[in-house]
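**Q** Quick one: sequence and predicted model below, then my questions.
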Amino acid sequence: MPTLPTYPGVYVEELESGVRPINAVATSVAAFVGHTARGLDHRPQRLLSFADYERAFGGLASDSLVGYGVSHFFTNGGTEAWVVRVPKPDADVAAITLRDATTAGDAALVVTALSAGAWANDVLVDVDHEVPAGDPKAFNLTVTDVATGTIETFRNVTLDNTRPNFVDAIVNDAATGSRLVSVAATPASDRPVATGTIGGTVDLSALVSDQSYRLRLTLDAPAATNVDVTVIEQDETLPSSLLGLCSLLERRINLAMGAAVPGAQVRCTPAGGAIRIQPAFSPALLGNALDAQITPASLTPSALTMLALTGAQTTVNVGHYRLGLGRAVGAQSNAAAGGDGDTYPETADLVGSPAAFTGIYALDRVDAFNMLLIPDATRPDPANPHGLAPNLSPNDVWTAALAYCTSRRAMLIIDPPPEVGRLEAAVDWISDGLTVKGPNAVAYFPRLRASDPLDDFKPRLFAPGPALAGVLARTDSERGVWTAPAGTTRRIAGASGLEYKLTDDENGVLNPLGLNCLRTFPIYGTVAWGARTLDGADVAASQWKYLPVRRLALMIEEALYRGTQWAVFAGNDEPLWAQLRLNITAFMQGLFRQGAFQGTTPAQAYLVKCDSTTTTQADIDRGVVNILVGFAPLKPAEFVFIQLQQLAGQSS
């Protein structure tokens, strides 16, 4: 607001320039929807490398086409992807009920894996009561994923639902909570029983160096096994701290335990003035009760005082377990095991529900993506690699996916079904079999042949879409989205060949139908040899015939949509129109200077119009401002003609 002058002098005011830069948006973010070995169900995860996929979704799995697709995408130049896991419809979710510490039969806390599958059976749950005094329902909860080594610790949570640290609110928080499990507390119960073996207070001053101290560990399954450990040798230097004693215990127990039960390991941690012993990251001990008994070399009071784990106790109680989700253990037997299931995602599972944010509609939670791939839509039948898996209707999947991509200004990359392996089948499929057509879709033929790291690197057929998505991303970064992602420089990395080797004449049959071909040439290898959309058949005569033209238009649309939000509710008159012309012209001029348009001058390359001829008084009365943006697309040189003429002899 203007400054009110009150004294003689100079006043400085800052005025808005009207310049609001419009930035180009990303063009090569891929989205994958389908089955993965593990991961969160129907929750998009951002990936910046295949290593991110391995951490979030468990890496390659022989039955996960998404895993191979993501690998091919990043191998061919992809830099960013989103993955939505669709679980098998008959998969089971692992869960376990933690019992009340006071009344062992009462349920205190139900812990459930966030996604279905057997992966969660090796997720461990620990409870301890080392919390500040004042809340009898407070405890610490630790969740460990044995497979990845991920550890989540939620300290000083409570079953009291009137407190801000209520365990349900902390663990189930979508932003800061667990990425492995969800919980459901019973507020009326006492806190869950503590896991691990805990004894009485350790008195280090009672240690004497002229005797040895032994410990017996007993496992109750698969067969009763006793492991005797000499914790401190006679005349050995004695530990001076509880932490030092824990370290000594852990090292020597694991040496003895590993010899008796291969793979078994324990960890020892201070618990107040006592010591807690529990299984470590070792599936060999899951489902076992671990009972520690004192057996000193000479039964003196100092020996019992030193370790004070369970005294003379010989029976195992519920506090001796480290709980694995889905593992039935002793009194903690109310567990549901996770299972991978036998039925792969079907048509309805892949499409999903907009209301529930499942399937492709889980991407509603993603700000922007540019390419959608659904490898499971054309999953081969396990019993017949050249046939489609049961309960799949690719056209129904593609119809829903194309409508969704159109609403999100993204491209759908369609893979041919496994039975389309020859020229005649490809012609039938693109002409009649594929019922989905439109400028926001693209298809490639034939399937790629590449090595399978999980099968001794033997060749295997893969859908071409994910690799071509990587080629598109590489083209965007190297030459711009307006460049055709095809040609001898668009080599497909990792491809050892194709299911069907096309000739020039066969290529000439498919190209006019809008089906992009993959070719193998000497020296160049396997390359993309087509750049048309599924609106690119010659008979369609569509303005969106070429893939780079359509993708450039989508980029401009999205950039202008995001870059003109500030104009909503602004005064609809010449000052606003001038600002819009200024900012949009600056954006289009930047693209022109990069070579995105035809023409040698801006007037030949693009048009920006926003004035009284585009926005009439009737529009103003309705609150509408109209902006006209045009551009001359740079179309690819799809056919190159070279004319040769033999010159007749010339007289001087």
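**A** Looks like it came in fine. As the structure is a prediction and not an experimental result, all values here were calculated from the model. Numbering: from 1, shown residues only.

**Q** Point out where the stretch 251-400 of the chain drops to low pLDDT.
**A** 260-264, 278-334 (pLDDT under 70).

**Q** Helices of that one, residue ranges please.
**A** For the stretch 251-400 of the chain, the helices defined by DSSP state H, counting those that start in this stretch cover 301-307, 347-351, 394-407.

**Q** for the ones you listed, which one sits closest to residue 116?
**A** Among these, the nearest to residue 116 by Cβ to Cβ is helix 347-351 (11.8 Å). C-beta here means a position set from N, CA and C on the backbone, and glycine is covered the same way.

**Q** quick one: contacts of the helix or strand hosting residue 82?
**A** Element membership for residue 82 (DSSP states H and E) is strand 81-85. In this structure, residues lying in contact with strand 81-85 by Cβ atoms under 8 Å, 6 or more residues apart in numbering are 29-36, 38-47, 53, 56-57, 66, 70, 73-74, 115, 359-360, 362-363, 366, 369.

**Q** Return the list of helices and strands in contact with the next helix or strand after that strand.
**A** With elements assigned by DSSP H and E, the helix or strand that comes after strand 81-85 is strand 95-99. Applying 3 or more Cβ pairs under 8 Å, 6 or more residues apart in numbering; DSSP states H and E, one finds that strand 95-99 makes contact with strand 107-113, strand 123-128, strand 323-324, strand 335-336.

**Q** Looking at the ones you listed, which one is packed in the most?
**A** With neighbours defined as mean count of other Cβ atoms under 10 Å, those peak in mean count at strand 323-324, which reaches a mean of 26.

**Q** quick one: contacts for residue 408?
**A** Residue 408 touches 363, 368-369, counting by Cβ under 8 Å, 6+ apart.

**Q** Based on its surroundings, how many neighbours for residue 395?
**A** 15 (other Cβ atoms under 10 Å).

**Q** How is the protein divided into domains?
**A** Per the record, the chain has its domains at 30-88+343-548, 95-185, 197-320, 565-652, by automatic domain parsing.

**Q** May I see those organised as a markdown table, with distance to residue 6 added?
**A** Shown next, in a markdown table, are the domains of the chain (distance: least, Cβ to Cβ, whole Å):
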| stretch | distance to residue 6 |
| --- | --- |
| domain 30-88+343-548 | 48 |
| domain 95-185 | 49 |
| domain 197-320 | 69 |
| domain 565-652 | 30 |
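
**Q** so of those, which one's packed in deepest?
**A** Taking mean count of other Cβ under 10 Å, domain 30-88+343-548 is the most buried of those, at a mean of 20.

**Q** quick one, strands of the stretch 101-250 of the chain?
**A** Ranges of strands in the stretch 101-250 of the chain, per DSSP state E, counting those that start in this stretch, are 107-113, 123-128, 138-145, 150-158, 181-185, 197-198, 213-219, 225-232.

**Q** among those strands, which is nearest residue 479?
**A** It is, among these and with distance given as Cβ to Cβ, strand 150-158, at 40.0 Å.

**Q** Okay, angle between that closest one and strand 181-185 too, please.
**A** 20 degrees (axes from the mean of the first three to the mean of the last three Cα atoms, to 10 degrees).

**Q** and strand 150-158, what does it pack onto?
**A** Judged by 3+ Cβ pairs under 8 Å, 6+ apart, the packing partners of strand 150-158 are strand 138-145, helix 167-171.

**Q** Brilliant, that's me finished.
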